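Visitor: The sequence and its predicted three-dimensional model are supplied below.
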Amino acid sequence: MTALDGATAEVVRSYLISAAEEMRATLIRTSFNPVIYEVHDFGMSMYDADLRLIAEATGLTFFLGANDFSLARGVDYVGRANLHAGDIVLLNYPYWNAAHASDATLFAPVFQPDPARPGADGELVGFLCVRAHWMDLGAKDPGYVLDSTDMHQEGLIFPGTKVVSRGEPVHEIHELIRFNSRMPAEVLGDLHAQIAALRTGERRFLEILAKFGRPTVDAAVAAIIADGEARSRAALAALPQGSWTAVDWVDDDGITDDPVKMQVTVTIADGSFTVDFAGSSPAVAGPINMPFGATEAICKVILKSLTSPDQPSNAGTVAPLVVRAEPGSLFHAVYPQPTFTLWTGIVAVELILKALAQGMPDRLAASSGGDVPGFMMVGTHPDTGQLFAVSNNDPVGWGATSEHDGMNAATHVSGSTGRITPIEVLEARTGMFFERVEMRTDSGGAGRHRGGAGLRRDIRFVTAGEFLSVIKKTKSAPWALDGGARPDPNQVIVFPGTARERRVSTKRTPVVPGDRITLLSAGGGGHGDPRGRDPDAVREDVAEGYVSPAAAREVYGVGVDG
């Protein structure tokens, strides 16, 4: 191993991260689907030849953590001997891909050419991985599958199939995708955008090797991973040691209205971070079951946020993680159990934090909305005559901490840098018209520090179609800390003010022009006794519209004049 100084290792790391970010820019600029180029529902990662994460671009945290799992399964299925320069492989088999069938993972081996053997593959030096959400891949329903009962209802499955072989597109596979999608132009466009991102990463990876030399890059990678592990273990050692258990509930499984139990025990001890989902429900009939790789990914998010939130990720940063979930349970789906509606993982992020907050209440925030209120409209666009399916994940209020209020109307803590879909895109590409979008008064949980405010949307439909609400936390309120108040849960109100008015959670609702739906996203949990809040802060909240004068008097004990 080549010896090198810390400065060189850091320079190499910066080059690798820059290459990953250039892959990200390529994907955003060339994709067809708003969920990719607007929402940033993707994740891309770079690996060495031993499948160790060495760099990643900014993306959806669940996807980034899941890439590690799916790449290993994909390479094992295809076999290293069957991978050649120029190959690109598609994987979306849920139990290997650590996601549902519409989250398409493409990976590519990187070979360094040998000048002495022109035309040969060269030496395998690494792998690249890009995961992104495709809007339709032949599932039983367009848009999003909410009530599947086995994997085969959820779309066309690729266990690890070459879509490019030795640099040449595999025409038959591309045509198979085309004829199994209701939105073939968008899906094939996104496929080629991911291919372009991989080719960008391949060029940059080889340029880095040429610039620094393979021995220096290998030494830098070893140093980067060792540093990541050392930082994680040191940070774990500085945290409270112990074991904490929490329980929460998912609204339903999409088939029955029965709530589904989640339970987790988190243990920090002996340099390890162990997350055990024993006590959770067995796998259910509907599509809220989690592939084990997806379960691992949410645990990586929590570990990373606790130990090295300001440092780039690599294989070392999650080395202390141990995840346990019994095969055939809610958090370890096995074939053919359905997995499409993965909102269980979002609620489970809050569940893990709820357990940890028992041991470190001053370090963690209260619950942030409890879930991601997702929605989508599917229909035929009157201008083009083409099927549309466009989605959005609404913001929620973040939980308050012991030191400050929660953030107002922000992407859920599980969403990283994910964004909401702009109204201009939603209105232009669907049959939705937004009559109102505003932050909700009194939606944040009261406390010495107040939870952030949630959002209200009033939607009027101008074309017929289906409105899909995707949310799994409407029946129980997000949790608070240290005497703070729990906010009201998320709500979806279909046909408000009519005889058909009702509240739903995850539902496909047929709509016609003139129908309306109201979405109310939850605020964050409060932290501390509301009566201990600074009266001037309460008056400012009233002035800004976050707190009503009545709540100021009755909850906070602060009178407001004018």
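Guide: Happy to help now that I have it. All values reported here derive from a predicted model rather than from experimental measurement.
Visitor: so what does the helix or strand Ala226 falls within touch, helix or strand wise?
Guide: Here Ala226 sits within helix 214-238, counting by DSSP states H and E. Packing partners of helix 214-238 (3 or more CB pairs under 8 Å, 6 or more residues apart in numbering; DSSP states H and E): helix 6-30, strand 53-56, helix 184-212, helix 292-307. Where you see a C-beta, it was placed from the backbone N, CA and C, and this is true even at glycine.
Visitor: Could you rerun that using 10 Å?
Guide: helix 6-30, strand 42-48, strand 53-56, strand 123-133, helix 184-212, strand 260-269, strand 272-276, helix 292-307 (3 or more CB pairs under 10 Å, 6 or more residues apart in numbering; DSSP states H and E).
Visitor: Helix 292-307 and that helix, what's the angle between them?
Guide: Counting by axes from the mean of the first three to the mean of the last three CA atoms, to 10 degrees, helix 214-238 points 70 degrees away from the direction of helix 292-307.
Visitor: What ranges in the chain fall below the confidence cut-off?
Guide: Within the chain, the segments meeting pLDDT under 70 span 1-2, 562.
Visitor: one step back: so the helix holding Ala226 versus strand 123-133, what angle?
Guide: With the same axes, to 10 degrees defining the directions, helix 214-238 sits at 50 degrees from strand 123-133.
Visitor: so Ser414 sits right up against Val347, yeah?
Guide: Yes. Applying CB atoms under 10 Å, one finds Ser414 in contact with Val347, separated by 9.2 Å.
Visitor: When those two are compared, which one has more neighbours?
Guide: Remark: of Ser414 and Val347, Val347 carries more neighbours, 26 against 22, as counted by other CB atoms under 10 Å.
Visitor: Contacts only, for Val378.
Guide: By CB atoms under 10 Å, 6 or more residues apart in numbering, the contact list for Val378 reads 135-136, 141-144, 182, 387-391, 430-431, 465-468, 508.
Visitor: ok, of the residues you listed, which come out buried?
Guide: Buried members of the contacts of Val378, scored by 16 or more other CB atoms under 10 Å, are 135-136, 141-144, 182, 387-391, 430-431, 465-468, 508.
Visitor: Could you tell me which of these belong to strands?
Guide: In strands, defined here by DSSP state E, the members of the buried ones among the contacts of Val378 are 387-391, 465-468, 508.
Visitor: all helices for the stretch 251-400 of the chain, in order.
Guide: Ranges of helices within the stretch 251-400 of the chain are 292-307, 343-357, based on DSSP state H, counting those that start in this stretch.
Visitor: ok now the first one, how far from the chain's centre?
Guide: It stands for helix 292-307. Helix 292-307 sits 11 Å away from the centroid of its parent chain (CA atoms, centre = their mean, to the nearest Å).
Visitor: Pull that helix out as PDB, backbone CA atoms only.
Guide: Taking Å, rounded to 0.1, in the frame of the first residue of the first chain, the C-alpha atoms of helix 292-307 are listed here in PDB:
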ATOM      1  CA  PHE A 292     -34.500  -6.000   4.500                       C
ATOM      2  CA  GLY A 293     -32.100  -3.800   2.500                       C
ATOM      3  CA  ALA A 294     -34.600  -0.900   2.800                       C
ATOM      4  CA  THR A 295     -34.700  -1.500   6.600                       C
ATOM      5  CA  GLU A 296     -31.000  -1.400   6.700                       C
ATOM      6  CA  ALA A 297     -31.000   1.900   4.800                       C
ATOM      7  CA  ILE A 298     -33.200   3.700   7.300                       C
ATOM      8  CA  CYS A 299     -31.000   2.600  10.100                       C
ATOM      9  CA  LYS A 300     -27.900   3.900   8.200                       C
ATOM     10  CA  VAL A 301     -29.700   7.300   8.100                       C
ATOM     11  CA  ILE A 302     -30.100   7.400  11.800                       C
ATOM     12  CA  LEU A 303     -26.600   6.200  12.600                       C
ATOM     13  CA  LYS A 304     -25.000   8.700  10.200                       C
ATOM     14  CA  SER A 305     -27.100  11.600  11.600                       C
ATOM     15  CA  LEU A 306     -25.900  10.800  15.100                       C
ATOM     16  CA  THR A 307     -22.200  10.100  14.500                       C
END
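Visitor: tell me which residues of it are tucked away?
Guide: By 16+ other CB under 10 Å, the buried positions in helix 292-307 come out as 292-304, 306-307.
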